[in-house]
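Participant: following is a predicted model, sequence given first.
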Amino acid sequence: SQQGEEDPQALSIQEGENATMNCSYKTSINNLQWYRQNSGRGLVHLILIRSNEREKHSGRLRVTLDTSKKSSSLLITASRAADTASYFCATRGSGNTGKLIFGQGTTLQVKP
Amino acid sequence: GAVVSQHPSRVICKSGTSVKIECRSLDFQATTMFWYRQFPKQSLMLMATSNEGSKATYEQGVEKDKFLINHASLTLSTLTVTSAHPEDSSFYICSGGLAPQETQYFGPGTRLLVL
């Protein structure tokens, strides 16, 4: 079952601008991960943030996690046309199953 | 990072036939792999958890007799879509990691088209 909700569903920006995507979830989590998917391709792991972390950076990516609000955000700074893709958040529950539950995704278009 | 491969990348079959999709972890051993299905412009839906040496665990609503999963070794899991129908046409993606709770690495996906 899907538990992640993402907004916006679609985002179109100019190259150089920042892009922010939000993800909300319903149950307690062990960690939350963000993935990128180019059209018709597999998923690329971007960043993992654990439930006891509030913010994490990786290059032009900044992820925040607010467990009290059960939400996370992904910020891509200084976007490039190559960032055009779909972005998904995925949550891993507190149990040991390791299952990832994906959000609906945000389709990002970066115009050159 | 770890590499997961899938084969085939694309398959077209006739309605009623069975199709096998392979998922391999190339440079690590995965006791657990996951199978997802993704319809166009939608998110990934977890179908089942594939456990090496034991039965797969299916998500609610996924027919285990239709989607047969075999995880015979630590580097290979297979998904067989039996008696495929056009509604089974989808993008099937597998993932694996060093441990279930750690980062999962995704295969490139298999696009199945059932005519």
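Facilitator: Received it, and whenever you're ready, just let me know what you need.

Participant: and for the nearest residue to residue B:35 once chain neighbours are set aside, the neighbour number?
Facilitator: If the residues on either side of it in the chain are set aside, residue B:35 comes closest to residue B:47, at 4.6 Å by C-beta to C-beta, 6 or more residues apart in numbering or on different chains. Any C-beta I mention is one placed from the backbone N, CA and C, and that applies to glycine too. Residue B:47 is flanked by 24 other residues according to other C-beta atoms under 10 Å in any protein chain shown.

Participant: secondary structure element for residue B:47?
Facilitator: Per DSSP states H and E: residue B:47 is located in strand B:44-51.

Participant: stretch A:14-26 vs chain B: in contact?
Facilitator: No - using C-beta under 8 Å from any C-beta of the partner chain, stretch A:14-26 stays clear of chain B, with a minimum separation of 11.3 Å.

Participant: now do stretch A:90-104
Facilitator: Yes - against chain B, stretch A:90-104 shows contacts by C-beta under 8 Å from any C-beta at A:90, A:92, A:96-104.

Participant: of all pairs in those residues, which one is the farthest apart?
Facilitator: Spatially, the most separated pair among those is A:96 and A:104, at 26.0 Å (C-beta to C-beta).

Participant: more neighbours: those two, which one.
Facilitator: Comparing residue A:96 with residue A:104 by other C-beta under 10 Å, the one with more neighbours is residue A:104, at 17 against 10.

Participant: just checking, what packs against the strand holding residue B:47?
Facilitator: strand A:100-102, strand B:32-38, strand B:57-58, strand B:67-73 (3 or more C-beta pairs under 8 Å, 6 or more residues apart in numbering or on different chains; DSSP states H and E).

Participant: any chance of JSON lines for those strands, columns distance to residue B:5 and mean neighbour count?
Facilitator: Formatted as JSON lines, these follow (distance: least, C-beta to C-beta, whole Å; neighbours: other C-beta atoms under 10 Å in any protein chain shown):
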{"stretch": "strand A:100-102", "distance to residue B:5": "19", "mean neighbour count": "24"}
{"stretch": "strand B:32-38", "distance to residue B:5": "12", "mean neighbour count": "25"}
{"stretch": "strand B:57-58", "distance to residue B:5": "23", "mean neighbour count": "16"}
{"stretch": "strand B:67-73", "distance to residue B:5": "14", "mean neighbour count": "17"}
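
Participant: closest one to residue B:93 among those?
Facilitator: Each of the helices and strands packed on strand B:44-51 has some distance to residue B:93 by C-beta to C-beta; the shortest is strand B:32-38, at 4.6 Å.

Participant: now the closest one: how far from the chain's centre is it?
Facilitator: 5 Å (C-alpha atoms, centre = their mean, to the nearest Å).

Participant: repeat that for stretch B:28-44.
Facilitator: That offset, for stretch B:28-44, works out to 6 Å (C-alpha atoms, centre = their mean).
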